[in-house]
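Novice: Mind folding the following:
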Amino acid sequence: MSSHSDDGIGAAYDARAAEYIALAGTIEQLDPRDAEVIAAWRDATDGQLLDAGCGPGLWTEFLSRGGRQARGIDLSAEFIANARQRHPGLPFDVGTFRRLPLEDGSVGGILAWYSLIHTPPADLPEVLREFARVLAPGGTLLIGFFDGEPRTPFAHAVAPAYFWSAEALAALLVDAGFEVVSTETRGREPGEISTRRHGSVVARR
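Specialist: Numbers count the residues shown, from 1 in each chain. Below is the predicted model:
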């Protein structure tokens, strides 16, 4: 089983799920600027919200606040079991981004917060097309990523991962039928879990 495959990535996170949850399992453990960006996107987005790469469900619960309909999907069965235990009122699925268990045009927004970093660059267009399939016209996608030389691999603690840039992602998003709405990059503050630069992109279907 390749560490680059969906099964390999899921297994890698299964093996370290408890460690990951202890380190970054709540919103309070993360940079408050992340919550600001995600809240602004959520509140500007209509319809059902999908947390793609939901981990233990912290952002799924955040997306559901205010009576919003939100659901999560992740490759890791351990993450999904934990998410279901923590947030029993929300739906969670074990699954791949390549074949989402959703109807065409059924989602108003997709959050992919640092969940595309393990996708091999050659496979990312396929995933973006699947995101486009399930998004309703006018729906939006928010991607969080590590900002750096596009497609360059780095030694992530759990599984092989890749840097991206807003410009490189924008080109792929346009090819997949999106319009880029906004981009953001920033450095890290002392005490953050990661020292790598942060980036995010919002794109409209």
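Novice: Flag every buried residue along stretch 146-166.
Specialist: In terms of neighbour count (16 or more other Cβ atoms under 10 Å), stretch 146-166 has its buried residues at 146, 147, 150, 158, 159, 160, 161, 162, 163, 164, 165, 166. The way it works is simple: take the backbone N, C-alpha and C, and place the C-beta from them, glycine included.
Novice: Give the closest residue to the fifth one in space, chain neighbours not counted.
Specialist: What that stands for is residue 159. Nearest non-adjacent residue to residue 159, counting by Cβ to Cβ, 6 or more residues apart in numbering: residue 12, 4.4 Å away.
Novice: The chain: strands as residue ranges?
Specialist: Along the chain, counting by DSSP state E, strands occupy 49-52, 70-74, 92-94, 107-113, 135-146, 153-154, 161-162, 179-186, 198-204.
Novice: Relative to the third one, what are the paired strands and their orientations?
Specialist: Right, the one you point to is strand 92-94. Note on strand 92-94: by DSSP bridges, its sheet partners are strand 70-74 (parallel).
Novice: which residues are in contact with the partner strand?
Specialist: By Cβ atoms under 8 Å, 6 or more residues apart in numbering, the list of residues contacting strand 70-74 from outside reads 10, 13, 48-55, 57, 59-61, 63-64, 80, 83, 90-95, 97, 100-101, 115.
Novice: list the helices and strands the helix or strand bottoming out on mean pLDDT in the chain packs on?
Specialist: When the helices and strands of the chain are scored by mean pLDDT, DSSP states H and E, helix 17-24 comes last with a mean of 84. Under the contact definition 3 or more Cβ pairs under 8 Å, 6 or more residues apart in numbering; DSSP states H and E, helix 17-24 sits against helix 77-86.
Novice: Just want the angle from the helix it packs on to strand 70-74.
Specialist: Here helix 77-86 runs at an angle of 150 degrees relative to strand 70-74 (axes from the mean of the first three to the mean of the last three Cα atoms, to 10 degrees).
Novice: Next, the buried residues of helix 77-86.
Specialist: By 16+ other Cβ under 10 Å, the buried positions in helix 77-86 come out as 78, 79, 80, 82, 83, 84, 86.
Novice: Comparing the strands of the chain, which comes out most buried?
Specialist: Comparing the strands of the chain by mean neighbour count (mean count of other Cβ atoms under 10 Å), strand 49-52 ranks first with a mean of 28.
Novice: pull the CA atoms of that strand into PDB?
Specialist: Extracted C-alpha coordinates of strand 49-52, given in PDB (Å, rounded to 0.1, in the frame of the first residue of the first chain):
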ATOM      1  CA  LEU A  49     -21.500  22.800   3.700                       C
ATOM      2  CA  LEU A  50     -19.100  20.000   3.200                       C
ATOM      3  CA  ASP A  51     -15.900  19.700   5.400                       C
ATOM      4  CA  ALA A  52     -13.600  17.700   3.000                       C
END
